[in-house]
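**Student:** got a predicted structure plus its sequence, pasted below:
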Amino acid sequence: MNRIKSNKIILEEGLFDGYVYFDNGKITDVTANEFPVSEEYDMTDYYVSAGFIDIHTHGGAGNRFEGSVDEIVDGCNFHLMHGTTTICPTISAASFESMADSVSNIERAMSDPRVKGTIIGAHMEGPYLSERQAGAQCPEYITSPIEKDYLPFIEKNSSAIARWTYAPENDIGDEFAKVLKKYGIVASAGHTDAIYSDMLHAFENGCQLVTHLYSCTSTITRDHGFRRLGVIETAYLLDDMYVEIICDGKHLPPELIKLIYKIKGADKIALITDSLALAGTDQIHGFMQATEFIIEDGVCKLMDRSAFAGSIATADTLVRVAVKEADIPLLDAVRMITATPAKIMRLSKKGKIARDMDADFAVFDENISIQAVFARGKLIK
């Protein structure tokens, strides 16, 4: 039995002064009482939260999550050092053969003992996207859902696929959404030009998440003078729709983060990095599949500077921006990178500090600088 001691333990109900006891990778108690332990970690005056959960990231420290098993392992362990104990490696639009290879490598990494945190499965960001909202995705591979392609792919790989981003307006009869629901894969609307009716049908068929709100998501348009709601407005209108935001201080200005928080609240927002492989490196140039990009002004941009291509953020950066720049209360900012993504991804044993939960912890100071990380009950940093 081990324990963490702190006067700033972040629980659902607020800050707690006491101990978190854990054994065999599980939390056994959260109490002010003292019991015999093998080892105590004194984190007094540091915040102790549940481990961060990043459900959308393309890589880090020079490692692509579409790459080899070694790259996936190293990329996940890089993010772990910034508090991310649970991760969902993202695969961009590519040929089905290439995407299948990436999923296979992620599946192998999920059980690789070198991975110190938890990989919950792949996030498929494509190829069923909108060409008009492609962003940094390679247009060459974008297509509408074709059952003869996706059904055998899902049947073979469902255990290694955690979520799938797609454009609902191209999903005729919501057949793709229904298949995702059947196989327990979290459906998310992203890189999409959907209007309200498209989103409502998708929502009714299991799509309850919007991929990086405001980034490649439609807004109000006109059809012969009549206004139609887009993805953004629909996300606000549907109370039970979750949204994820790239809270790096670049993709969304602080005042827009404040607006999203004011409307949706911490229980419906997940903070994501959407980080590319260049995160944590000194490189200023790279590729995502066939798309070339540069690092400039602290963010990834397409070569023509027409749009952002992704971030170089880590999870601690997201919390710092939310608190320091968007004035969101710390406990709510933490909730948006712990409890809320855990709910979205149906992770019943992660996302909060409580008895019987996984012993994943991020320890940080007032500036949200990571001081220690525990994964599966083991001190990593």
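**Tutor:** Structure's in. What do you need? Numbering: from 1, shown residues only.

**Student:** who touches I53 in this structure?
**Tutor:** Going by C-beta atoms under 8 Å, 6 or more residues apart in numbering, I53 touches 84-87, 270, 337-338, 341-342, 345, 347, 350-351. In this view, the C-beta of every residue, glycine as well, is placed from N, C-alpha and C.

**Student:** and the end-to-end length of stretch 12-28?
**Tutor:** Start-to-end span of stretch 12-28 (C-alpha to C-alpha, to the nearest Å) is 17 Å.

**Student:** now stretch 254-274
**Tutor:** Note: stretch 254-274 ends 17 Å apart using C-alpha to C-alpha.

**Student:** for the residue lying closest to S369 once chain neighbours are set aside, what is the enclosing helix or strand?
**Tutor:** The shortest distance from S369 to any non-neighbouring residue, by C-beta to C-beta, 6 or more residues apart in numbering, is to D316 (7.0 Å). For D316, the element it lies in under DSSP states H and E is helix 315-324.

**Student:** mind giving me the packing neighbours of the helix or strand that that helix is followed by?
**Tutor:** Once the chain leaves helix 315-324, the next helix or strand it forms, by DSSP H and E, is helix 330-335. Identification of packing neighbours for helix 330-335 by 3 or more C-beta pairs under 8 Å, 6 or more residues apart in numbering; DSSP states H and E yields strand 2-11, strand 47-50, helix 315-324.

**Student:** show me how far the second one is from its chain's centre.
**Tutor:** By that I understand strand 47-50. 18 Å (C-alpha atoms, centre = their mean, to the nearest Å).

**Student:** neighbouring contacts of that strand?
**Tutor:** Here strand 47-50 has contacts from 4, 6, 8-10, 20, 330, 334, 338-339, 350-353, 357, 360-365, using C-beta under 8 Å, 6+ apart.

**Student:** just the buried residues from those, in ChimeraX please.
**Tutor:** What follows is the ChimeraX syntax selecting those of the contacts of strand 47-50 that are buried according to 16 or more other C-beta atoms under 10 Å:
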select :4,6,8,9,10,20,330,334,338,339,350,351,352,353,357,360,361,362,363,364
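
**Student:** how far away is D327 from A333?
**Tutor:** 10 Å (C-beta to C-beta, to the nearest Å).

**Student:** give me the more crowded residue out of those two.
**Tutor:** Applying other C-beta atoms under 10 Å to D327 and A333 shows that A333 carries more neighbours, namely 26 against 13.

**Student:** tell me, how many residues neighbour the closest residue to that one other than its chain neighbours?
**Tutor:** Among residues not flanking A333 along the chain, A322 sits closest, at 3.9 Å (C-beta to C-beta, 6+ apart). Applying other C-beta under 10 Å, we find 29 residues neighbouring A322.

**Student:** do the same with T281
**Tutor:** Quick note: T281 (other C-beta under 10 Å) scores 16 neighbours.

**Student:** grab the nearest non-local neighbour of it.
**Tutor:** In space, T281 is closest to G62, 5.0 Å off (C-beta to C-beta, 6+ apart).

**Student:** sorry, back to before: the residue nearest to A333 contacts I245, correct?
**Tutor:** No: counting by C-beta atoms under 8 Å, A322 does not reach I245; the two are 9.2 Å apart.

**Student:** can you pull out the helices in the stretch 151-300 of the chain?
**Tutor:** 175-182, 196-204, 231-237, 254-264 (DSSP state H, counting those that start in this stretch).

**Student:** so which bits of the shortest one are buried?
**Tutor:** When neighbours are counted by 16+ other C-beta under 10 Å, the buried residues of helix 231-237 are found to be V231, I232, E233, T234, A235, Y236.

**Student:** could you do stretch 134-152 as well?
**Tutor:** A134, G135, A136, Q137, C138, Y141, I142, P145, Y150.

**Student:** ok, the third one - contacts?
**Tutor:** Residues in contact with A136 (C-beta under 8 Å, 6+ apart) are S92, M288, T291, F293, C300, L302, A307, F308, A309, G310.

**Student:** before we move on, what about H58?
**Tutor:** By C-beta under 8 Å, 6+ apart, the residues touching H58 are R64, F65, E66, P89, T90, S92, D274, S275, L276, A277, M288, G310.

**Student:** distance to A122, pLDDT and neighbour count added to the residues you listed, as CSV?
**Tutor:** Formatted as CSV, these follow (distance: C-beta to C-beta, whole Å; pLDDT from 0 to 100; neighbours: other C-beta atoms under 10 Å):
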residue, distance to A122, pLDDT, neighbour count
R64, 13, 95, 23
F65, 8, 97, 28
E66, 10, 95, 25
P89, 6, 98, 31
T90, 7, 98, 30
S92, 11, 94, 28
D274, 15, 96, 28
S275, 16, 96, 33
L276, 16, 92, 29
A277, 16, 92, 27
M288, 15, 66, 24
G310, 17, 83, 33
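
**Student:** which pLDDT value belongs to the residue nearest the centre of the chain?
**Tutor:** Among the residues of the chain, the one closest to the centroid is I55, at 2.1 Å (C-alpha atoms, centre = their mean). On pLDDT, I55 comes in at 98.

**Student:** so it versus T90, what's the distance?
**Tutor:** I55 sits 9 Å away from T90, going by C-beta to C-beta.

**Student:** how about S311?
**Tutor:** Taken as C-beta to C-beta, the span from S311 to T90 is 12 Å.

**Student:** list residues touching both of the two?
**Tutor:** Joint contacts of S311 and T90 (C-beta under 8 Å, 6+ apart) are D274.
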